[in-house]
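1. Next one to model:
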Amino acid sequence: MEVATTVTSAIDYKREVENDEEDDEVPVGFIPNDPLGHMFYPIYVKNPAYRPTRSGHEGRRLRLAPYIKYSPDYTMVFGTNGKGHEIRSTPVYVGRRARSPAHMTPAMWKELEEGAPHEFAVNKALMVEGDPHLHGEINRFRGKWALVDTLEHLRQGAQKQVTKITKELLNTEQDLAKCKVRCYPDTFLLFPRHSTTFHYVPL
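-> This is a model prediction of the structure:
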């Protein structure tokens, strides 16, 4: 005699889908991108809620990154949705505050360059100010200033070389012209009459 057995499932089909805890977990090295905080930066990442539909789409394609971190020199910022999500990056810039830096003198700009006598004081002021955007721009300025200085030295060196070569070229062209004068008209007689092609005819 067969005994009927009942098979029960351990799966609860009425259970609500749990949220992935990783979505809300702050990745190592990142901080919340609080719009009201002084570390905030408007970097955008893919919106996980974005869904294409037949009639268009649901949600925005991009959203402000919930978490960010700055590079050590504050010239780059990285944004992500959370642990396990892609990380996007963008340069850090200060918002446009003036059309031209008219009040900054050349001497004042020079004080900001790397290796300047007051570099330590400038760095300390930046830390006290606590503005990562300004810190990044100053570091970018220092890098560009150093690059311009290097390129200017290279240009000057190349210009001296060009001047030297040009002088040698002019002297050689003058020697060539004198050589032509000395060769003519004897060399002209080596060419047959009414011909520009060389063909030696014994005299």
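
2. Run the chain-centre distance for the host helix or strand of Leu147.
-> Secondary structure from DSSP states H and E places Leu147 in helix 132-183. Its chain's average C-alpha position is 26 Å from that of helix 132-183, according to Cα atoms, centre = their mean, to the nearest Å.

3. Give the next helix or strand downstream of the lowest-mean-pLDDT helix or strand in the chain.
-> The helix or strand of the chain with the poorest confidence is strand 56-58; it has a mean of 69 (mean pLDDT, DSSP states H and E). Next helix or strand after strand 56-58 toward the C-terminus (DSSP H and E): strand 62-64.

4. I'd like to check what contacts that following strand. Which residues are they?
-> For strand 62-64, contacts defined as Cβ atoms under 8 Å, 6 or more residues apart in numbering pick out Asn33, Pro35, Pro42, Ile43, Tyr44, Val45, Lys46, Asn47, Gly79. C-beta coordinates here come from the backbone N, C-alpha and C atoms, glycine included.

5. just checking, which of those belong to strands?
-> When the contacts of strand 62-64 are checked against strands (DSSP state E), the matches are Tyr44, Val45, Lys46, Gly79.

6. Now list the buried members of the residues you listed.
-> With neighbours counted by 16 or more other Cβ atoms under 10 Å, the ones in strands among the contacts of strand 62-64 contain buried members at Val45, Lys46, Gly79.

7. show me the contacts for the first one.
-> In this case it means Val45. Applying Cβ under 8 Å, 6+ apart, the residues near Val45 are Leu62, Arg63, Leu64, Ala65, Gly79, Thr80, Asn81, His85, Glu86, Arg88.
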